[in-house]
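S.K.: sequence below, structure please.
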Amino acid sequence: MLAHPTLDQLLALGLHGMAKGFSDLMSRPEARSLDHAEWLALLLEQEATLRRQKRFESRARTAKLRQAATIEDVDYRAARGLDRALFLKLASCDWIRAKHNLLITGPCGVGKSWLACALGHKACREDLSVSYLRMPRLFAALALARADGRYTKILRQLARVDLLILDDWGPEALSAEQRRDLLEIVEDRHDIRPIMITSQVPVDRWYEIIGNPTIADAILDRLVHNAYRIELAGESLRKGKAPEPAKPAA
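M.R.: Numbers count the residues shown, from 1 in each chain. Sure thing, here's the model as predicted:
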């Protein structure tokens, strides 16, 4: 078998995983004992692995997660009331496929955003599309989009993503425009695709943050009725972190 022409053909066809697997097998003397079916199976596995990795990298870039968090690095020893069994269940991402929402609440510094990003990272690994947005910036972007004609386009984009993460809601009350924006987002995704929300404000106070009773009923009915909840407590985890050592003067 001629190695270089075969490699050239694999690369020309865009089969980079198979090309790498072919090169690896050709360099291993023990591979000569493999039959054709075994060679093909190994090459296909290399190609599938590479494509999964590329899909994950693309989804992670698009998600724009705020923190480089992973579920493997979650600290269950921290005194914040994190239910390990529930979090590991959520890490399976079955709740996303089942179209359930997730609400993470707790005081500042207990790791709400970090946990949200860890679950978002895992969703990307599960080949699900993710979009992470801080709610203050989302409302600002929608206000600008309403003025320049991109409002409907952005709402369509938010509706299509498999998991929408809305971080840092509250404690400021919503304006009339923001209430309508949130209702549009929630309505577009209701029973179709899930939303994850983090907030310093307990869920039972979200009604007063929304303000308008009719809109609050509509939003919370769609958000809360099928949602998993992570309710954290305790002091900020940032307090225990040592400050960065000062750099010597140049």
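S.K.: quick one, phi psi at Thr198?
M.R.: The phi/psi pair for Thr198 (degrees, to the nearest 10) reads phi -110, psi 150.
S.K.: longest helix anywhere in this protein?
M.R.: Secondary structure of the chain read by DSSP state H shows that its longest helix is helix 36-63.
S.K.: helices along this protein, start to end?
M.R.: Ranges of helices within the chain are 3-12, 16-26, 36-63, 84-91, 94-97, 112-125, 135-148, 151-160, 176-189, 206-210, 213-224, based on DSSP H.
S.K.: re earlier: buried residues in the longest helix of the chain?
M.R.: By 16 or more other Cβ atoms under 10 Å, the buried positions in helix 36-63 come out as Leu42, Leu43, Gln46, Glu47, Leu50, Arg59, Ala60, Ala63. Bear in mind the C-beta positions are built from the backbone N, C-alpha and C, glycine included.
S.K.: lowest-confidence entry in those residues?
M.R.: Least confident of these in the model: Glu47, at 71.
S.K.: partners of the longest strand along the chain in the sheet?
M.R.: Secondary structure of the chain per DSSP state E: the longest strand is strand 163-169. Strand pairing for strand 163-169, using DSSP bridges, gives strand 130-134 (parallel), strand 195-199 (parallel).
S.K.: most packed of these?
M.R.: Comparing the strands paired with strand 163-169 on average neighbours per residue, with mean count of other Cβ atoms under 10 Å, the densest one is strand 195-199 at a mean of 24.
S.K.: got the contact list for the spatially closest residue to Lys112 that is not a sequence neighbour?
M.R.: In space, Lys112 comes closest to Thr198 once its chain neighbours are excluded; the distance is 4.1 Å by Cβ to Cβ, 6 or more residues apart in numbering. Thr198 makes contacts with Ile104, Thr105, Lys112, Ser113, Ala116, Ile165, Leu166, Asp167, Asp168, Trp169, as judged by Cβ atoms under 8 Å, 6 or more residues apart in numbering.
S.K.: rerun at 7 Å
M.R.: The contact partners of Thr198, taken as Cβ atoms under 7 Å, 6 or more residues apart in numbering, are Ile104, Lys112, Ser113, Ala116, Asp167, Asp168, Trp169.
S.K.: show the pLDDT at the fifth one.
M.R.: Right, the one you point to is Asp167. pLDDT, read off for Asp167, is 96.
S.K.: and it, how far from Cys117?
M.R.: Counting by Cβ to Cβ, to the nearest Å, the gap from Asp167 to Cys117 is 8 Å.
S.K.: can you list the contacts of Thr198 in TSV and add neighbour count and distance to Arg229?
M.R.: What follows is those, written out as TSV (neighbours: other Cβ atoms under 10 Å; distance: Cβ to Cβ, whole Å):
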residue	neighbour count	distance to Arg229
Ile104	24	8
Lys112	22	12
Ser113	20	16
Ala116	26	13
Asp167	24	16
Asp168	19	17
Trp169	21	14
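S.K.: will you turn those residues into TSV that also has distance to Arg205?
M.R.: Output for the contacts of Thr198, formatted as TSV (distance: Cβ to Cβ, whole Å):
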residue	distance to Arg205
Ile104	15
Lys112	15
Ser113	19
Ala116	19
Asp167	18
Asp168	15
Trp169	11
